[in-house]
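A.B. asks: here is my input; please provide its structure:
(one chain, ligands or ions: 2)
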Amino acid sequence: MQTRSRDPLAYKAEFEALIASQSSSPISDLPTAPPQFWQTKDIQVCARTRPAFDSELAQGNFDIMHADQTRQVVLQPTLDLALRPKLKEQHFDLDCCFGQTATNDSVYQQVCAPLVPLAVGGGHATLIAYGQTGTGKTYTMTGLLERMAGDLFRCLRATQQVYVSAVELLGDDCTCLLSHGPVQVREDRFSRIQLEGAQTQRVCSADEFLRLTLGALAHRRTEATQRNSTSSRSHALTHILIRETDPALVAANVAEGVLAVVDLAGSERTGDQTEHTPQRMAEARLINTSLMTLKVPTMLVLLVLLVLLVLLAIHAIHAFIGWRRVAPVLGGGGARGWAQDCIKARAAGGRDGSKHLHIPYRASRLTLILRDAFELAVRRPVKARPAPLAVIACVSPLATDAGHSINTLRYAGALMAAPPTAVLAPDPNDPAAWSSQAARSWLQGASPDHPAHGWLPPTARQGAGKGRLDPSAVLPEPADNGRTLAEMPEQTFLARATASGALSLVAAKKIYTDLWARVADTRTRQRKQIMKLRGGRRAADGQDEWAAELLARLEEEKHQPSPYVRVLAPSRPAAEGPAGQGAGSEGRQDQPA
Ligand code: ADP
Ligand code: MG
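C.D. replies: Ligands and ions are numbered 1, 2, ... in the order given. Predicted structure coming up:
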């Protein structure tokens, strides 16, 4: 008696007939974005299905994906107990679904083009591609960067400059893709994520921009996997910083624009990892681990235990009936962490106000770098869409990848429920946000002999020394603003404040200490606001611990020659950095002398 195969691919003809009978309505592969796209939401979630290749179809695989404007349909092939082919239809409603015939042009026009003017206007725009290895993440991101180049330089004001930095992240190992040196990821005293050691290079034209960004991505660590002959083993993050140089606008402390383009390492099915070398297996584990961090800890423990149990069971079953029979049913093995972690945390933000949402961004370098894209609130003084985030879930059209694709799309779907990003009210007491004029009048008011001061009682004033502080001695450039002041190392401040001899060192130190207290208070206030947004009773608990940590760090930093750091500009422009390579000397104008 002939035994029937348990491999769904053996029933290709039956499945294709079923698929043809289910697709009653004509399905468009080329969506047109709804008119409200980017108008009403801060996060746009898209899916993109890559084409099925002839070689894959020739091997008996078949196409199970349909993109219909805002609905991604997966017709998952399964076999029932009698080994009869059955289709399990799953659909995911997203902001935009790009099918197999969609081009990089159409993805760019609908998803990415609106981000360029938002970033040029001072927003912090993030574009992230994630999904299984070989589903077109790098193809998409490279295509978008190519198209972005021209638009970016067309949108720029004459006084704006563009700087680029690029890093790759393999596990917690971060490397600069321009200088190839090691990079440290840390949060600075203003709560900004800094990539210390990453080179930032100025680019003056679209051509130069492309040469640098694509060249950097080409240096990424790649190795052939079974799915993709040049699979990227690491996450690649390209930061494009748009800096204003008009002295009047710098003096007013306008926000710098950021465009962050993130091409995440692909997750792989366990079945695809069977022929990997031990080194590759270790890398896959690292990638999967770094994709798994932003989760509520208890959920993490439970989920890991569950996944281990399921994997054990799958391996046992695998030995008997073969992976292909099981994979489409169970949803594929391997990593599925990044989407789970970041998206879950972000999506959960608004759902249950009674529970405090703990987002352990520091648990991995990846989530720390992406923190601003997933935070529930932003502080940017930009009115429209200060922190737009576009997520492109890349999926394969193939029957054998159904489980993995469903998993990728499930987390894209979860992100659709994310609450809108709150914009924190401007804080007039935040020194880093002061304009040039506000910073100068504060310095003036802080002078012990100034009639308007009120920061020291007369007795203390006596001990603190006398004198008058000349604001322009501390902030010599007309464009020097509150940020210049807040970022100034203590020694520089003291040297400038006491240079004329009109102010005693003791008095200068008091003023500097007061400035630092304001910086710390601002962060505490902002932190409280964010904790409140995350909700719940526990908000106050974490607060003390956090404040103690902050104060200790501020104290430590105060005595260090503080590096001049910029909002998400990982390091100073190259010519200013220790390596002193490349272009970018113009950035120096903002640096305290
Ligand atoms: P990933 O970065 O997700 O691992 P890649 O972007 O490297 O995948 O794509 C894998 C292969 O598929 C590459 O050869 C790429 O050229 C091809 N590819 C991906 N998406 C498309 C697409 N939309 N159209 C044509 N080819 C594509
Ligand atoms: Mg890739």
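
A.B. asks: which stretches of the stretch 351-500 of the chain form strands?
C.D. replies: Secondary structure of the stretch 351-500 of the chain (DSSP state E, counting those that start in this stretch): strands at 377-378, 389-395, 422-423.

A.B. asks: for ligand 2, which of those strands is the nearest?
C.D. replies: strand 389-395 (9.1 Å; Cβ to the ion). Just so you know, the C-beta spots here come from the backbone N, C-alpha and C atoms, and that holds for glycine as well.

A.B. asks: that older thread, need the strands of the stretch 351-500 of the chain in JSON lines with distance to residue 67, mean pLDDT and mean neighbour count, can you?
C.D. replies: Formatted as JSON lines, the strands of the stretch 351-500 of the chain follow (distance: least, Cβ to Cβ, whole Å; pLDDT from 0 to 100; neighbours: other Cβ atoms under 10 Å):
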{"stretch": "strand 377-378", "distance to residue 67": "31", "mean pLDDT": "68", "mean neighbour count": "18"}
{"stretch": "strand 389-395", "distance to residue 67": "9", "mean pLDDT": "92", "mean neighbour count": "27"}
{"stretch": "strand 422-423", "distance to residue 67": "32", "mean pLDDT": "74", "mean neighbour count": "17"}
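
A.B. asks: right, so of those, which gets closest to ligand 1?
C.D. replies: In terms of Cβ to the nearest ligand atom, the element of these nearest to ligand 1 is strand 389-395, at 5.5 Å.

A.B. asks: what about residue 190, distance to residue 249?
C.D. replies: According to Cβ to Cβ, to the nearest Å, residue 190 and residue 249 sit 20 Å apart.

A.B. asks: these two: which is more packed in?
C.D. replies: residue 190 (20 against 16; other Cβ atoms under 10 Å).

A.B. asks: what is the end-to-end distance of stretch 73-87?
C.D. replies: 12 Å (Cα to Cα, to the nearest Å).

A.B. asks: likewise for stretch 176-195?
C.D. replies: In stretch 176-195, first residue to last residue: 9 Å (Cα to Cα).

A.B. asks: then stretch 174-184?
C.D. replies: One end of stretch 174-184 sits 7 Å from the other (Cα to Cα).

A.B. asks: one step back: what would the strands of the stretch 351-500 of the chain look like in TSV with distance to ligand 1?
C.D. replies: Formatted as TSV, the strands of the stretch 351-500 of the chain follow (distance: least, Cβ to the nearest ligand atom, whole Å):
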stretch	distance to ligand 1
strand 377-378	29
strand 389-395	6
strand 422-423	33
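
A.B. asks: give the contact list for residue 526.
C.D. replies: 191, 379, 424, 427, 430 (Cβ atoms under 8 Å, 6 or more residues apart in numbering).

A.B. asks: helix or strand for it, which one?
C.D. replies: Element membership for residue 526, per DSSP states H and E: helix 505-534.

A.B. asks: low-confidence ranges in the stretch 201-350 of the chain?
C.D. replies: For the stretch 201-350 of the chain, residues meeting the criterion pLDDT under 70 lie at 221-233, 267-302, 314-350.

A.B. asks: could you rerun that using 90?
C.D. replies: Per-residue confidence of the stretch 201-350 of the chain (counting by pLDDT under 90) places the weak regions at 217-235, 251-256, 264-350.

A.B. asks: would you mind naming what in the stretch 51-200 of the chain lies close to ligand 2?
C.D. replies: Residues of the stretch 51-200 of the chain found near ligand 2 (Cβ under 5 Å from the ion) are 137-138.

A.B. asks: ok so, going back, now the strands of the stretch 351-500 of the chain in CSV, with distance to residue 165?
C.D. replies: CSV is the format used below for the strands of the stretch 351-500 of the chain (distance: least, Cβ to Cβ, whole Å):
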stretch, distance to residue 165
strand 377-378, 21
strand 389-395, 19
strand 422-423, 26
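
A.B. asks: one step back: top of the contacts of residue 526 by neighbour count?
C.D. replies: Neighbour counts for these peak at residue 379, which has 25 neighbours (criterion: other Cβ under 10 Å).

A.B. asks: tell me the pLDDT at that one?
C.D. replies: You'll see residue 379 listed with a pLDDT of 65.

A.B. asks: tell me the contacts of residue 160?
C.D. replies: Listed by Cβ under 8 Å, 6+ apart, the contact partners of residue 160 are 120, 242-245, 257.

A.B. asks: so can I have CSV of those showing secondary structure and distance to residue 368?
C.D. replies: Below are the contacts of residue 160 laid out as CSV (DSSP: H, G, I helix; E, B strand; the rest coil; distance: Cβ to Cβ, whole Å):
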residue, secondary structure, distance to residue 368
120, helix, 26
242, strand, 23
243, strand, 23
244, strand, 27
245, coil, 30
257, strand, 21
